[in-house]
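>>> Just need the structure, nothing else, for what follows:
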Amino acid sequence: MALYQNYPYTDLQTANLDYLLLQTKTNTESIQTTNNRVTANANAISANASAISTEAATRDHSDRVLQDQINGIIAGTAQVADRRLNVNYKRRVLFLADNFANIDSVEYCALAARYLGLPTAYYQVIYRQGAGFHPASYAASRTFANMLSGATLEIDSDKITDVVFTAGAYDVSAATADIADGINTCCDWVKNNIPNARIWILLAAWRPDKHESNDFINVYNTYRLYAAANGATFDYSGIAIHSTALLDNTRMTPTAAGCRNLAFATAQILCGSESSLIELRRQAVTFTPSAPLSSTTSEFIDNRLYGGTVFVGINGRLNFDNTTNVQLTVWIDIGTVTSAMFAMSTTNPQQIVVPCVINYTGGAHAAGTAAFRIVGNVLQCNLRAVNLSTGGWYAAQPVSTVQLYGAGAALDAIYN
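Okay, here's the model as predicted:
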């Protein structure tokens, strides 16, 4: 037995007691050491837990900040992308139109606005049956000036960026001065009441029945000239319906398909696309008539679109001498050309075929076709008259006059 205290011991009991006391002290120190270690470990664990909690909170905050940044980037990118795709996001448009604005449930002004990417709150359409700057069947309630002055604007007038007048069919046959006065009045009203708006005047019509009378051309040029005089932008959206297939049986009102064409053309124009048209005019083709044509009263009218490539057609009247049989279905010389004809030249002969009514001496008449060509400098004509009884062609007989109706047929040949 090992003895550690008070050696030499005088008795065994004292030695054992001393040993037990020493062991107790050692064990107590060991327990205290262990307890200190446990406490230190607990403190370390607590510190680690606190650090982990702090780190978790920091990470959560960082994650939220990062997510906010990501959301901001996504939103910003979407907004930028939307603005890149829709350059019209700041536009507010007021349309004034005739009843073409709603044909067979196709609202072409509203459709044009949707093509521009505008929500419904960003545009307003005001339309009325038979409307125009000065409709030929005049009624004050159908004028754009009246529609403007009585309108309740659904958009703040200071925020309207574009006022679009789109019509024209009902202004055909109106006097130039009346149309001009209507344009001036409307432009003045817009400038005074919608000061930040750009004014557009779009001729959204085609009247093949009026080309030969020059009325449609008058509307075209009046719109164009007085739009310029008032600082407005003119264009001819009606080019989009230059086909009788896009008009109903009135030869005036567009079909639903025609309205969709007008909508697309209107949106293109408002986005900055311009038609190639510069000026529409009637060009008299001068030539020296030769027998069997009368030498004094015959004239061609060559309607053309200057600045574009669209041939509108030849119309006018050929007056014959009433004594010479006109040989139908063969080419006959009718004169010497002294001025250029659109789509016809001496170097590259090209036939122009137009519908006509052939009036015979004695009053009878027949529907037919008149073809024209230039050979050298000689203008030749080939007349065909339909015999409805037989389905063939009439034989040669004295012809009084030939009335030419070239506008519609020539355009149909191009656009259909």
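>>> for the protein, longest strand please?
strand 365-375 (DSSP state E).
>>> any idea which helix or strand comes after it?
Where DSSP states H and E defines the elements, the next helix or strand beyond strand 365-375 is strand 378-385.
>>> how many neighbours does the closest residue to N146 other than its chain neighbours have?
Nearest residue to N146, sequence neighbours excluded (CB to CB, 6 or more residues apart in numbering): A140, at 5.3 Å. C-betas here are computed from N, CA, C, even on glycine. Residues lying near A140 (other CB atoms under 10 Å) number 9.
>>> Surely A140 and S149 touch.
No. Between A140 and S149 there is no contact under CB atoms under 8 Å: 10.4 Å.
>>> elements contacting the longest strand of the chain?
strand 352-360, strand 378-385 (3 or more CB pairs under 8 Å, 6 or more residues apart in numbering; DSSP states H and E).
>>> Alpha carbons only: can I get the shortest one in CSV?
I take that to be strand 378-385. C-alpha atoms of strand 378-385 as CSV (Å, rounded to 0.1, in the frame of the first residue of the first chain):
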residue,chain,number,x,y,z
VAL,A,378,-49.3,55.8,-133.4
LEU,A,379,-52.0,55.3,-130.8
GLN,A,380,-54.0,52.2,-131.7
CYS,A,381,-57.3,51.0,-130.3
ASN,A,382,-59.0,47.6,-130.2
LEU,A,383,-62.7,47.7,-129.4
ARG,A,384,-64.8,44.6,-128.5
ALA,A,385,-68.5,44.8,-127.8
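>>> residues of that strand that come out buried?
Under the neighbour-count criterion of 16 or more other CB atoms under 10 Å, strand 378-385 has 378-385 buried.
>>> Contacts only, for N359.
Contacts here follow CB atoms under 8 Å, 6 or more residues apart in numbering; on that basis N359 touches 365, 399-403.
>>> Where does pLDDT dip in the stretch 301-416 of the chain?
Within the stretch 301-416 of the chain, the segments meeting pLDDT under 70 span 301-316, 322-328, 338-352, 388, 391-392, 405-416.
>>> the strands in it, which residues?
311-319, 325-326, 332-337, 352-360, 365-375, 378-385, 397-405 (DSSP state E, counting those that start in this stretch).
>>> between the fifth one and strand 332-337, how big is the angle?
Inter-element angle recorded for strand 365-375 and strand 332-337: 50 degrees (by axes from the mean of the first three to the mean of the last three CA atoms, to 10 degrees).
>>> Roughly how far does the closest residue to I201 other than its chain neighbours sit from H61?
Closest residue to I201 apart from its sequence neighbours, by CB to CB, 6+ apart: A227 at 4.2 Å. Using CB to CB, to the nearest Å, one gets 61 Å for the distance from A227 to H61.
>>> what about those two, which has more around it?
Using other CB under 10 Å as the criterion, A227 and H61 rank with A227 on top: 21 against 10.
>>> list the helices and strands the helix or strand where the more buried one lies packs on?
Assessed by DSSP H and E, A227 sits inside helix 215-229. On a contact count with 3+ CB pairs under 8 Å, 6+ apart, helix 215-229 meets helix 176-193, strand 198-203, strand 233-235, strand 279-285.
>>> What mean pLDDT does it get?
The predicted model gives helix 215-229 an average pLDDT of 86.
>>> for stretch 107-120, same thing?
88.
>>> Next, the buried residues of that stretch.
Quick answer for stretch 107-120 (16+ other CB under 10 Å): 107-113, 115-116, 118.
>>> now, which of these lie within helices?
If you go by DSSP state H, those have 108-113, 115 in helices.
>>> Nearest to P195 among those?
The closest of these to P195 turns out to be A113 (CB to CB; 21.6 Å).
>>> how about the closest one, what does it touch?
93, 95, 122-123, 125, 267.
>>> Let me know whether C109 touches A267 as I believe.
No. In this structure, C109 is not within contact of A267 by CB under 8 Å, at 10.1 Å.
>>> Pick out the most distant pair among the contacts of N359.
V399 and Q403 (11.4 Å).
>>> So which residues of the stretch 1-150 of the chain form helices?
Taking DSSP state H, counting those that start in this stretch to define them, one finds helices in the stretch 1-150 of the chain at 12-85, 108-115, 144-149.
>>> Quick check: can you name the pairing partners of the next helix or strand after the last one and their directions?
Looking back up the chat, that one is helix 144-149. For helix 144-149, the following helix or strand on the C-terminal side (DSSP H and E) is strand 162-167. Applying DSSP bridges, strand 162-167 is found paired with strand 93-98 (parallel), strand 198-203 (parallel).
>>> coming back round to it: looking at the buried residues of stretch 107-120, which one is closest to V190?
Nearest member of the buried residues of stretch 107-120 to V190, counting by CB to CB, is C109, at 16.6 Å.
>>> Return the distance of the closest one relative to G182.
19 Å.
>>> hang on, the earlier thing: which one's more surrounded, V399 and Q403?
V399 (25 against 16).
>>> For that one, name its beta-bridge partners.
Bridge pairing for V399 - DSSP bridges - gives Y360.
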